[in-house]
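Undergrad: dropping the sequence and predicted coords here.
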Amino acid sequence: MRLRPGTLVTVALSASVVGLGSLALVRTVDEATSPRGGVAPTSTPRHLAIGVSTLSLARNATDPWEPADLEEVDDFERRAGVHAGIVMWFADFAGAGFDPRQARAVARRGSVPEISWEPWDAASAKINQPTYRLKTIIDGSHDAVIRGWARGIAAYGAPVRLRFGHEMNGRWYPWAELANGNRPGEFVQAWRHVREIFAAEGASNVSWIWAPVAGTVTRELFPGEAAVDEVGVSGFNGGARLFRREWRPFETAFGPTLTAVHAMAPSKPVTLPEIASANAGGDKAEWIRELFAAVASRPYIRSLVWFNLVKETDWRIESSAAAQAAFAQGAAASATTPPGTTTPPAP
């Protein structure tokens, strides 16, 4: 899920009031010693990397974010009481390409960049985009764009997480096999073609994330263990008003798909690369507690990225004091900086 042009989004970044009982659950850090005023990376050995996407990051494909916009990440860190080891944004094939300034700005704050890289024209936002059918990736029509990204990331040199063609098992993106005139088997061919170009350009600093949306996913969409570095499951609890229009506990919504993707690649870590819950129709704080309980019971889940913005609804952890406290408690019990974090490159 991402922001489309014309979507009306309002975000209030003012501080939320958290009950006194929750304050003991939030690890405090002197802001003067924290990266950009956020929360410093923890050295406590735990297994989960916490990440975030925010309003400016989600708009990036049509309105590129600037380093100053990372203040939104700082705000999330203060509310969550944890360092955001992963900072995720969106980019498309039609845009300006990989921007090393953005990656360096994220690395300077001690985080790893994660880019949801979308093979379409995000400004159009149409599902039917013949220019971006999977066969056009396979036949080399977009090789110049792909090669430019590969060379840019290779020159950058530090770790980059790339979530390419996410939610390919849905029907709402041009790269899904169930949309845009695509055919069975073409997603895997397109994925492997892109990876081959990156390998040829020496972009070995990329971690490739294959991530369907929670729901039915078939092995025919999986490029194979040798072609991925991580597998993931994204999705949202839309509550009473969105999507399925019913409150879905975390295990109900995500459990079967998590089990399925882990079985496809048991040697690979699993990520929740885009996740959030609405408020209407249930208890968001309890849903967040269910999320962290599931992470604790599935040690193969190594990271999650919270979609912390207002889009169809208020997905942010600060949408209620109880939800924020529940997230802070879960994060405090499980969070670490992600494997592979290195000394940031010089600006």
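TA: Ah, there it is.

Undergrad: mind jotting down where the strands sit in the stretch 51-200 of the chain?
TA: All strands of the stretch 51-200 of the chain, identified by DSSP state E, counting those that start in this stretch, fall at 86-92, 112-118, 160-164.

Undergrad: and these as a markdown table, adding mean neighbour count and distance to residue 103?
TA: Heads up, the C-betas are built off the backbone N, CA and C, glycines and all. Conversion of these to a markdown table gives the following (neighbours: other Cβ atoms under 10 Å; distance: least, Cβ to Cβ, whole Å):
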| stretch | mean neighbour count | distance to residue 103 |
| --- | --- | --- |
| strand 86-92 | 24 | 10 |
| strand 112-118 | 26 | 5 |
| strand 160-164 | 24 | 6 |
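
Undergrad: out of those, the one nearest residue 325 is which?
TA: Across the strands of the stretch 51-200 of the chain, the minimum distance to residue 325, taken as Cβ to Cβ, is reached by strand 86-92, at 22.2 Å.

Undergrad: what sits up against that closest one?
TA: Residues from elsewhere that reach strand 86-92 (Cβ atoms under 8 Å, 6 or more residues apart in numbering): 2-3, 49-53, 57-61, 65, 70, 73, 98, 102, 106, 109, 111-122, 161, 163, 273-274, 303, 305, 338.

Undergrad: strand partners (parallel or antiparallel) of that strand?
TA: According to DSSP bridges, strand 86-92 has the following sheet partners: strand 48-53 (parallel), strand 112-118 (parallel).

Undergrad: let me see the mean pLDDT of that strand.
TA: When pLDDT is averaged over strand 86-92, the result is 98.

Undergrad: what's the answer for stretch 121-128, then?
TA: In this model, stretch 121-128 has a mean pLDDT of 94.

Undergrad: end-to-end on that stretch?
TA: Using Cα to Cα, to the nearest Å, the span of stretch 121-128 from its first residue to its last is 11 Å.

Undergrad: repeat for stretch 53-72
TA: 9 Å.

Undergrad: can I get the strands of the stretch 51-200 of the chain in a markdown table with distance to residue 315?
TA: Putting the strands of the stretch 51-200 of the chain into a markdown table (distance: least, Cβ to Cβ, whole Å) gives the following:
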| stretch | distance to residue 315 |
| --- | --- |
| strand 86-92 | 14 |
| strand 112-118 | 16 |
| strand 160-164 | 18 |
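
Undergrad: out of those, nearest to residue 330?
TA: Within the strands of the stretch 51-200 of the chain, the stretch nearest residue 330 is strand 86-92; the backing value is 16.0 Å (Cβ to Cβ).

Undergrad: relative to strand 160-164, how tilted is the closest one?
TA: Relative orientation of strand 86-92 with respect to strand 160-164: 50 degrees, computed using axes from the mean of the first three to the mean of the last three Cα atoms, to 10 degrees.

Undergrad: any idea how far residue 271 lies from residue 293?
TA: Remark: distance between residue 271 and residue 293 (Cβ to Cβ, to the nearest Å) = 17 Å.

Undergrad: more neighbours, the two?
TA: Neighbours around residue 271 and residue 293, counted as other Cβ atoms under 10 Å, are more numerous at residue 271. The numbers are 31 against 13.

Undergrad: tell me what that one is bridged to.
TA: Applying DSSP bridges to residue 271 gives these bridge partners: residue 232, residue 303.

Undergrad: how close does it sit to residue 71?
TA: Taking Cβ to Cβ as the measure, residue 271 and residue 71 are separated by 25 Å.

Undergrad: reformat the strands paired with strand 86-92 as TSV; add distance to residue 136 and mean pLDDT.
TA: As requested, those are arranged in TSV below (distance: least, Cβ to Cβ, whole Å; pLDDT from 0 to 100):
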stretch	distance to residue 136	mean pLDDT
strand 48-53	28	96
strand 112-118	14	98
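
Undergrad: what's across from residue 92 in the sheet?
TA: Following DSSP bridges, residue 92 is listed with bridge partners residue 118.

Undergrad: follow-up on the earlier one: quick one: which of the strands of the stretch 51-200 of the chain is nearest residue 287?
TA: The stretch from the strands of the stretch 51-200 of the chain with the least distance to residue 287 (Cβ to Cβ) is strand 86-92; that distance is 20.6 Å.
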